[in-house]
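Participant: Have a look at this prediction, sequence included:
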Amino acid sequence: MLELTNVSSGYGETQVLYDLSVTAKAGRVLAVLGRNGAGKSTTLKTVMGLLPTRSGAISFDGATLPGKPYEVAKAGIGYVPETRDIFPSLTVRENLDLAAKRFEGSDWTIERVVELFPRLGERMSNGGTQLSGGEQQMLAIARALLMNPRLLILDEPTEGLAPVIVQQIHDKLMELKRGGLSMVLVEQNFGFATSLADDVAIVSKGQIVWTGSPAEIRADIEAQHRWLGV
Ligand SMILES: Nc1ncnc2c1ncn2[C@@H]1O[C@H](COP(=O)(O)OP(=O)(O)O)[C@@H](O)[C@H]1O
Ligand SMILES: [Mg+2]
């Protein structure tokens, strides 16, 4: 579904990704793991067209990516950035409205995302800054869903969240997975990622160094130690 072939990318003079190749398959959840600074977020930003590709190819369902970020979203990739990027001066409803208006005809309506995240329904008239970290994450996911993605990519959705909220986010993502949504999940939380994933890829120094199943990485203590510092 999403295929990166020998992708190199970075920031200005600094190269971060070196011939990185990885595939996310339709109807599956790919967990991308790796130490801090390995290049996980850079990989997602490159897919989304937020960073230029220096070499290599990215294809999504046969179409060539990346384009401009808005075009990538239109092509069917929903992106929940690490920074969540909700509009703090707008209310929850306004944040949702903005996404819904730009993506009319989406399978996802505001009613449907509120059904998934009832907490957002209770916070509709609250401003972005009044939300807890967990609520901000829910809003960021809800907004991405309104853009009608066939593939949802999430950058460390559990970062900074209390365990009880992490569990809630886990259950929601599991619900989306059961509904057939394909996902790429970048995570530092090993247990969270491997319990949701069908496939696992590990990034180190801008390259994929390990691929396999959740059961294989759970059993491979040496790989965990070597690539994840677990
Ligand atoms: N905006 C930036 N400008 C320059 N270097 C950056 C920038 N963002 C990240 N980097 C560098 O790119 C490397 C990979 O970062 P990143 O993809 O964010 O890692 P990860 O998400 O795996 O923790 C790091 O060495 C980081 O310092
Ligand atoms: Mg990151």
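Facilitator: Now that the structure is in, tell me what you want to look at. Ligands and ions are numbered 1, 2, ... in the order given.
Participant: Could you export stretch 66-80 as CSV, CA atoms only?
Facilitator: In CSV, the C-alpha atoms belonging to stretch 66-80 read as follows (Å, rounded to 0.1, in the frame of the first residue of the first chain):
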residue,chain,number,x,y,z
PRO,A,66,5.3,12.7,-2.0
GLY,A,67,3.5,15.7,-3.2
LYS,A,68,2.6,18.8,-1.1
PRO,A,69,1.3,17.8,2.3
TYR,A,70,-2.3,18.7,1.4
GLU,A,71,-2.0,16.5,-1.8
VAL,A,72,-0.7,13.6,0.3
ALA,A,73,-3.7,14.0,2.6
LYS,A,74,-6.0,14.1,-0.3
ALA,A,75,-4.4,10.9,-1.7
GLY,A,76,-5.6,9.2,1.5
ILE,A,77,-2.9,9.4,4.1
GLY,A,78,-3.9,10.8,7.5
TYR,A,79,-1.1,12.1,9.6
VAL,A,80,-1.0,12.6,13.3
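Participant: Do any residues in that stretch lie close to ligand 2?
Facilitator: No - legend: contact between stretch 66-80 and ligand 2 by C-beta under 5 Å from the ion is lacking; minimum distance shown is 12.3 Å. Where you see a C-beta, it was placed from the backbone N, CA and C, and this is true even at glycine.
Participant: Any idea how far that stretch is from the middle of the chain?
Facilitator: Relative to the mean C-alpha coordinate of its chain, stretch 66-80 is positioned 12 Å out (C-alpha atoms, centre = their mean, to the nearest Å).
Participant: got the contact list for that stretch?
Facilitator: Taking C-beta atoms under 8 Å, 6 or more residues apart in numbering as the criterion, the residues outside stretch 66-80 that touch it are 2, 44, 46-50, 53, 58, 60-61, 63, 65, 103, 137, 140-141, 144-145, 147-155, 157.
Participant: Roughly how far does the residue in the chain that ligand 2 sits nearest to sit from Trp227?
Facilitator: The shortest separation between the chain and ligand 2 is 3.2 Å, found at Ser41 (distances taken as C-beta to the ion). Using C-beta to C-beta, to the nearest Å, one gets 17 Å for the distance from Ser41 to Trp227.
Participant: what do you get for Ala219?
Facilitator: For Ala219, the distance to Trp227 - C-beta to C-beta - is 14 Å.
Participant: Of these two, give the one with the bigger neighbour count.
Facilitator: Trp227 (19 against 11; other C-beta atoms under 10 Å).
Participant: returning to what we had before: buried ones among the contacts of stretch 66-80?
Facilitator: Among those, those scoring as buried are 2, 44, 46-50, 53, 58, 60, 65, 103, 137, 140-141, 144-145, 147-155, 157 (criterion: 16 or more other C-beta atoms under 10 Å).
Participant: Which ones among those residues map onto strands?
Facilitator: The strands in this structure, assigned by DSSP state E, contain Leu2, Thr53, Ile58, Phe60, Leu65, Leu151, Leu152, Ile153, Leu154, Asp155 from the buried ones among the contacts of stretch 66-80.
Participant: Which single one of these is nearest to Val164?
Facilitator: When these are ranked by distance to Val164 (C-beta to C-beta), Leu154 comes first, at 19.0 Å.
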